[in-house]
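Q: just to be clear, the model below is a prediction. Sequence and coordinates:
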Amino acid sequence: MRFIQVSRVTMIFLCQLVVAICALVACGNGDDVQTTASPVSSSTREVTSSTKVDIDELALFPAAQEMFGLYGYIDTSGQMVIQPQFVQAGFFSDDIAAVQLEEDGLWGCIDKTGQMVIRPQLEDEPVFSEGLLLLLGESGLVGYVDTTGDFVIQPQYADARGFSEDLAAVRLEADGLWGYVDRTGRMVIQPQFTEANSFFDGLACVSWDGNTYGFVDRSGKTVVQPQFTQSSFFSEALAEVKLEADGLCGYVDKAGQMVIQPQFVVADTFSESLAAVKPKASDLWGYIDKAGQMAIQPQFARAGYFSNGLAPVTLKAGGLWGYIDTSGQMIIQPQFQYAEPFSQGLALVLPGDFGPLDPWAYVDTSGNLVWPRETTAADIVDQTTMVQVEPITEEDIRVIAAPATAFSPEEITVLDYENFGDWAAAYIARNGGQDGALALFKREGSEWTLFDLGTGITPDELGPDAPAALIEWAFY
């Protein structure tokens, strides 16, 4: 995969992964540009919190009691701490969460007491990164505001990324080179890169020519020479790389040494000393350790990364998801239509039946249902009555989408896709491109048909039978 800047923390529940995956993946990475924010005034609507809590240690998660109902925030026990009152609610990052009070309204931000710290005035959902948010100033340039909405780095950049390890990639001109600034706005690594990504494990993946990638440290020193056609970020001192565009994936250490030789068709970053990989000789995913040995044999159609000692997996395409531990043992049996990695002791899952309640639920690391509280674990899914449909495949996607494009099926690359019962969604591009178009598919009888391809369709136009999980995955 071509290097894409991503924050694992936000990918998990943004579903941070995330997301999602994570699913839900997920998304935010802190790079979205917003309109100018300012501190909330004393006349701004006050948000009520139902309990007094230890704010510094509190983990909160957005939750709605009913489908399309208002969102509040629960703790890890499922107790509603901030009462439902938001049309939309994001996950907490840096003790700040984005919320909407009105349908199609502006976004604001609350703290963990439920108090509005930035009044609703942002057109898009804001995502803080290390306590700072990218915002577009009146000049049309980008700067950074803190959690009070005050600019701490004045708008001066044509483009910029979120902070990671106290540094952020910026460029002063739209077609200029990238450099890095610290939290005071001081340029600590001078502009010199055609591509620059966030720091992880003390290193950032950069390119000087747009074709090959290497790594620099926080001083700007080149520690891994540009040599890779594709690369991910470092995680647990290893990074997934490719030496050739159509080659296999391997892993390098921080000295640039290939410590795990290229042998995988697809490879994920390391988490809890394991990485999900798809070997050349297999269509299934397994997990390797840091020595490159197969710790969990390939057996999964899809596999997520480990968090809180567990990883979401599914044994067959379109099948139910469960969770394995680091030995490969299935700890939470497959029972979910979709499952995100764990974060702070809870995982966001899509129950097997949709019912009258919000289809998204939370489970703990024992598989116990934490939210919705009224539903028992046995209600999550009834596998004896669930109707299984033949899932769409990558080949189906290419063949069905081709007539709506100017390309042959062989020229279409499926960047990502997911099945949602009688619906499916995919991002497709031409010949391995990274900017994919959203393609939606619907099952008519026994056949999959193209519902929409790249028209800018909105969730409201999908109709009442479109699963909430599809909408979450494709649009949010």
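A: Yep, it's here. Numbering: from 1, shown residues only.
Q: distance of Ala474 relative to Thr212?
A: 33 Å (C-beta to C-beta, to the nearest Å). For glycine as for every other residue, the C-beta is placed from the backbone atoms N, C-alpha and C.
Q: just confirm Ala461 is within a strand.
A: Slight slip there: residue 461 is Glu, not Ala. No. Glu461 is assigned helix when assessed by DSSP: H, G, I helix; E, B strand; the rest coil, not a strand.
Q: how many other residues sit next to it?
A: 10 (other C-beta atoms under 10 Å).
Q: can you give me the pLDDT of it?
A: Glu461 is assigned 86 on the pLDDT scale.
Q: roughly how far does it sit from Asp452?
A: Distance from Glu461 to Asp452, by C-beta to C-beta: 8 Å.
Q: go on, Ile397?
A: Counting by C-beta to C-beta, the gap from Ile397 to Asp452 is 13 Å.
Q: among those two, which residue is more densely surrounded?
A: Ile397 (23 against 18).
Q: which one is Asp325 nearest to, not counting chain neighbours?
A: Counting by C-beta to C-beta, 6 or more residues apart in numbering, Asp325 lies nearest to Ile331, which is 5.0 Å off, once chain neighbours are set aside.
Q: which of Ala474 and Thr212 has more neighbours?
A: Under the criterion of other C-beta under 10 Å, the comparison of Ala474 against Thr212 puts Ala474 first, with 22 against 15.
Q: send over the helix or strand hosting Val99 as PDB, restricted to the C-alpha atoms.
A: Counting by DSSP states H and E, the element that carries Val99 is strand 97-100. Written as PDB, here are the backbone C-alpha positions of strand 97-100 (Å, rounded to 0.1, in the frame of the first residue of the first chain):
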ATOM      1  CA  ALA A  97     -15.000  15.400  21.600                       C
ATOM      2  CA  ALA A  98     -16.800  16.900  18.700                       C
ATOM      3  CA  VAL A  99     -20.600  17.100  18.800                       C
ATOM      4  CA  GLN A 100     -23.600  18.400  16.900                       C
END
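Q: so what touches the helix or strand that comes right after it?
A: Following strand 97-100 in sequence order, the next helix or strand is strand 107-110 (DSSP H and E). Residues outside strand 107-110 that contact it (C-beta atoms under 8 Å, 6 or more residues apart in numbering) are 40, 47, 82, 88, 96-101, 116-126, 128, 147.
Q: which PyMOL command selects the buried ones in those?
A: A single PyMOL command selects the buried members of those (16 or more other C-beta atoms under 10 Å):
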select buried, resi 40+47+82+88+96+97+98+99+100+101+116+117+118+119+120+121+122+125+126+128+147
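Q: shared neighbours of Ile397 and Asp452, anything?
A: Ala439.
Q: now, the contacts of strand 107-110 that are in strands?
A: 82, 88, 97-100, 116-122 (DSSP state E).
Q: next, format the residues you listed as TSV and append distance to Asp416.
A: Below are the ones in strands among the contacts of strand 107-110 laid out as TSV (distance: C-beta to C-beta, whole Å):
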residue	distance to Asp416
Ile82	33
Gln88	23
Ala97	26
Ala98	24
Val99	28
Gln100	27
Met116	35
Val117	34
Ile118	32
Arg119	36
Pro120	32
Gln121	33
Leu122	27
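Q: what's the closest of those residues to Ser232?
A: Ala98 (27.0 Å; C-beta to C-beta).
Q: pLDDT score for that closest one?
A: 91.
Q: and if you look at Lys278?
A: The predicted local confidence for Lys278 is 94.
Q: next one: it from Ser446, what distance?
A: 29 Å.
Q: who's more crowded, these two?
A: Lys278 (19 against 7).
Q: may I have the beta-bridge partners of the more buried one?
A: In this structure, Lys278 bridges to Val266 when assessed by DSSP bridges.
Q: for it, give me its contacts.
A: With the criterion set at C-beta under 8 Å, 6+ apart, Lys278 makes contact with Phe264, Val265, Val266, Ala267, Leu284, Trp285, Gly286, Pro298.
Q: make a ChimeraX selection of the buried ones in those residues.
A: Selection of buried members from these for ChimeraX, criterion 16+ other C-beta under 10 Å:
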select :264,267,285,286,298
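Q: widest-spaced pair of the contacts of Lys278?
A: Largest pairwise distance in the contacts of Lys278, by C-beta to C-beta, is 13.8 Å, between Ala267 and Leu284.
Q: convert stretch 242-256 to PDB, retaining C-alpha atoms only.
A: Presented in PDB, the C-alpha positions along stretch 242-256 are these (Å, rounded to 0.1, in the frame of the first residue of the first chain):
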ATOM      1  CA  LYS A 242       8.100  -2.500  -0.600                       C
ATOM      2  CA  LEU A 243      11.200  -2.200  -2.700                       C
ATOM      3  CA  GLU A 244       9.200  -2.500  -6.000                       C
ATOM      4  CA  ALA A 245       5.700  -1.100  -6.800                       C
ATOM      5  CA  ASP A 246       4.400  -4.500  -7.700                       C
ATOM      6  CA  GLY A 247       6.600  -6.400  -5.300                       C
ATOM      7  CA  LEU A 248       6.000  -8.100  -1.900                       C
ATOM      8  CA  CYS A 249       6.000  -6.500   1.500                       C
ATOM      9  CA  GLY A 250       8.700  -6.900   4.100                       C
ATOM     10  CA  TYR A 251       9.800  -5.000   7.300                       C
ATOM     11  CA  VAL A 252      12.700  -2.800   8.000                       C
ATOM     12  CA  ASP A 253      14.100  -1.600  11.400                       C
ATOM     13  CA  LYS A 254      15.100   1.900  12.200                       C
ATOM     14  CA  ALA A 255      18.500   1.500  10.700                       C
ATOM     15  CA  GLY A 256      16.900   0.600   7.400                       C
END
